[in-house]
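Student: Quick one: sequence and predicted model below, then my questions.
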Amino acid sequence: MCRVSGYIGKKETLPIIMDGLRRQSYGGYDSSGVVIGKDSNLTCIKAVGKLENLEKKLEGQNLKGNWGIGHIRWASHGAVTEANAHPFWDCKKNIYLAHNGIIENYRELKDVLIKEGHKFISETDTEVAVHLIEKYFEGNLEEAVRKALKEIRGAYGFVIIARDDPQKIVAARLSSPLLIGINEDSYIIASDPTAIVPYARKIINLDDYEIATITLKDLFIIKEKVPETLELVPEEAEKGGYPHFMLKEIMEEPEAIENAIRGRLMIEEGSVKLGGLDSISEKLRKINRLILVACGTASYAARVGEYMLEEYAEIPTEVDIGSEFRYRKPVVDKNTAGIFVSQSGETADTLAALKEMKQKGILTLGITNVVGSAQARETDAGVYTRSGPEIAVASTKAFLGQLATLAMLTVYLGRQREMALVMGKRIVSELAKLPELAKDVLKSAPEIEKLAKKYKDYKNFWFIGRKYNAPIASEGALKLKEISYLHAEGVAGGELKHGSLALIDENFPTVAICPSDSVYEKMVSNIQEIKARGGPVIAVATEGNEDIKKIVDDVIYIPKTLEMLTPMLSVIPLHLFSYYVAALLGHDVDRPKNLAKSVTVE
Ligand code: G6P
């Protein structure tokens, strides 16, 4: 939720940049900064808090110049401090840069740059970009930016200037808005058109992968398709010491939650900040029905979302899988919105459903992991899950990112409606604790591996759960099927007695998700039905519940959290269980037979 600003022209730069920042400040910010260039001198001033604080620091500085950049920051990586405020500079104080977006691979880049001798002063993801540009700078700024962008993964709207390539602004965009206003004697740049309209006659909306070089005389745009760096990295090095990507990605599940919520929770306001929805927030107020569409694992995240959205945002919600929705005759009206959930953003069935909804003129939203994917481009607005690259075919950490995003969307829509401040605060503060709780769940990995050894030779499994954990039962079963090739079914606990129970015997174990929540007693009854027929049961229960041990054969404990957030903890042992069973059976866990990571055909 940052915003950038830039100006080059005949007028005094500082007042125009400050006005640009003020006009873009409606979304909230916590610090700000500017760099103004005169001849080949660059002066950078930053301040924490309101823009008035920056203005105070600027008083008496007589900062004159004809080109410069500015930024307002909403903290994501690192605390609200002056060191973490933009613009950032390189080791030589030559290049200055401001950024709106997120650099997903900043840790890897930072490690390399530190080894190469670069000195960092902030905790932000952004600072790596300025050092990376420094690495490639040989006198021509746009050339260095072009090379650096090839290594950056994530979303960005960058404005960049350099002392040693003066009177020039380089602007680059991928998935974060960036606009350039044009006048006879000047160019103005901003993330938001409101900052440009008063100053320019014509506006260019930069496209993804475009890099603009702006001088006093000229504006020059090149389009650079940034190659995926993923394939270039040796596979073993990327696994970070784990035997499979899937295990690495499960171990990254706490981080996936953390990345999704970073900078988006407003605990005091009991609300969330989802910058990607700003442009449609008024339209969303009028929505009275939601249709969530997804495939595979993402469809189970959508089903959890259905429970969340109906219970807390009080919006009638339904879920469909892409392959069905595209051939239905959906009855929708202008107050319906479609929400598309997809890790890759390229799943053909989901995209076809999106096309169908767009044809009907419905508002469409994307919950997507891959920046710049077809889904991200084609929806009206959306939220990135920021889970980072997911390599293993079976989706794991991306699921956690989807659940965290759906929980935030619930708070966003709920607070636009009847959700009370206290309820918003409760959900948001519990969400903030989840990454740590998820780390606790991962500590049971050795125990879960032992259980996998005990159960790996069974050929059939049930997974049961109720309410928020009914979709998690389906996800647990899908994961086991996908990579271990064992037969597994996920069913809502209450439905067992309507047929499935016929299969239960001592050779048909059940994984029962039964946290201490509003349906716990009901789940216990379902477990009793299984035990009465001789079926072995592994329970996923809340820490401190000793009673459950008396009924079931094995227990995996998860910490207590809000009922609507339990899926983000209960799914972790199921992912681990599937992984260990498949690995013990000697399967190619990362590349299961017959499956593809991104199914781009019908
Ligand atoms: C494929 C993958 C699944 C995934 C599904 C949806 O079938 O094997 O793991 O859940 O596609 O993918 P998406 O990228 O749309 O989330």
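Tutor: Received the coordinates, thanks. Residues are numbered from 1 along each chain as shown.
Student: what's near enough to touch the residue nearest the centre of the chain?
Tutor: Nearest to the mean C-alpha position of the chain, counting by C-alpha atoms, centre = their mean, stands T385 at 1.7 Å. Shown in contact with T385 (C-beta atoms under 8 Å, 6 or more residues apart in numbering): 256, 259-260, 343, 367-369, 398, 401-402, 404-405. Every residue, glycine included, has its C-beta placed from N, CA and C.
Student: how close does the residue nearest to it when sequence neighbours are not counted sit to S516?
Tutor: Spatially, and ignoring its direct neighbours in sequence, T385 is nearest to G401 (3.3 Å; C-beta to C-beta, 6 or more residues apart in numbering). Using C-beta to C-beta, to the nearest Å, G401 is found at 26 Å from S516.
Student: ok, these two, which is more surrounded?
Tutor: Legend: neighbour count by other C-beta atoms under 10 Å for G401 and S516, higher for G401 (31 against 16).
Student: okay but that one is in contact with N369, surely?
Tutor: Yes - here G401 reaches N369: they are 6.3 Å apart, a contact under C-beta atoms under 8 Å.
Student: Now list whatever residues contact both of those two.
Tutor: Common neighbours of G401 and N369 (criterion: C-beta under 8 Å, 6+ apart): 385-387.
Student: For the protein, what lies in contact range of the ligand?
Tutor: 295-298, 342-344, 347, 350, 393-395, 595, 597-599 (C-beta under 6 Å from any ligand atom).
Student: pLDDT wise, what is the closest residue to I551 other than its chain neighbours at?
Tutor: If the residues on either side of it in the chain are set aside, I551 comes closest to I527, at 5.8 Å by C-beta to C-beta, 6+ apart. Listed pLDDT for I527 reads 96.
Student: re the thing from before, let me have the contacts of T385 in JSON lines, extended by pLDDT.
Tutor: Converted to JSON lines, the contacts of T385 look like this (pLDDT from 0 to 100):
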{"residue": "A256", "pLDDT": "95"}
{"residue": "N259", "pLDDT": "92"}
{"residue": "A260", "pLDDT": "95"}
{"residue": "Q343", "pLDDT": "94"}
{"residue": "I367", "pLDDT": "97"}
{"residue": "T368", "pLDDT": "95"}
{"residue": "N369", "pLDDT": "91"}
{"residue": "A398", "pLDDT": "97"}
{"residue": "G401", "pLDDT": "98"}
{"residue": "Q402", "pLDDT": "98"}
{"residue": "A404", "pLDDT": "98"}
{"residue": "T405", "pLDDT": "98"}
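Student: Next step: these restricted to helices.
Tutor: Residues from the contacts of T385 lying in helices, with DSSP state H as the criterion: 256, 259-260, 398, 401-402, 404-405.
Student: tell me which residues of stretch 405-418 are tucked away?
Tutor: Residues 405-416 are the ones in stretch 405-418 that count as buried (16 or more other C-beta atoms under 10 Å).
Student: list the contacts for T566?
Tutor: So T566 contacts 468-469, 515, 517, 558 (C-beta under 8 Å, 6+ apart).
Student: can you do 10 Å?
Tutor: Each residue near T566 by C-beta atoms under 10 Å, 6 or more residues apart in numbering is listed here: 304, 437, 465, 467-469, 472, 513, 515-517, 540, 542, 558-560.
Student: ok, these vs I103, which is closest?
Tutor: L437 (26.8 Å; C-beta to C-beta).
Student: Against which helices or strands is the helix or strand that contains that closest one packed?
Tutor: Using DSSP states H and E, L437 sits in helix 421-442. Contact partners of helix 421-442 among helices and strands, from 3 or more C-beta pairs under 10 Å, 6 or more residues apart in numbering; DSSP states H and E: helix 245-251, helix 253-261, strand 265-266, strand 271-272, helix 397-416, strand 554-558, helix 567-584.
Student: again, only this time at 6 Å
Tutor: If you count contacts as 3 or more C-beta pairs under 6 Å, 6 or more residues apart in numbering; DSSP states H and E, helix 421-442 packs onto helix 253-261, helix 397-416, helix 567-584.
Student: Now do the second one: everything it contacts.
Tutor: This means helix 397-416. Applying C-beta atoms under 6 Å, 6 or more residues apart in numbering, the external contacts of helix 397-416 come out as 249, 252-253, 256-257, 260-261, 264, 271-272, 274, 285, 297, 301, 304-305, 308-309, 312-313, 341, 343, 367, 369, 383, 385, 387, 390, 424, 427, 431, 567-568.
Student: Of those, keep whichever come out buried.
Tutor: By 16+ other C-beta under 10 Å, the contacts of helix 397-416 give 249, 252-253, 256-257, 260-261, 264, 271-272, 274, 297, 301, 304-305, 308-309, 312-313, 341, 343, 367, 369, 383, 385, 387, 390, 424, 427, 431, 567-568 as buried.
Student: for E52, what are its contacts?
Tutor: Contacts for E52 were tallied using C-beta under 6 Å, 6+ apart; there are none.
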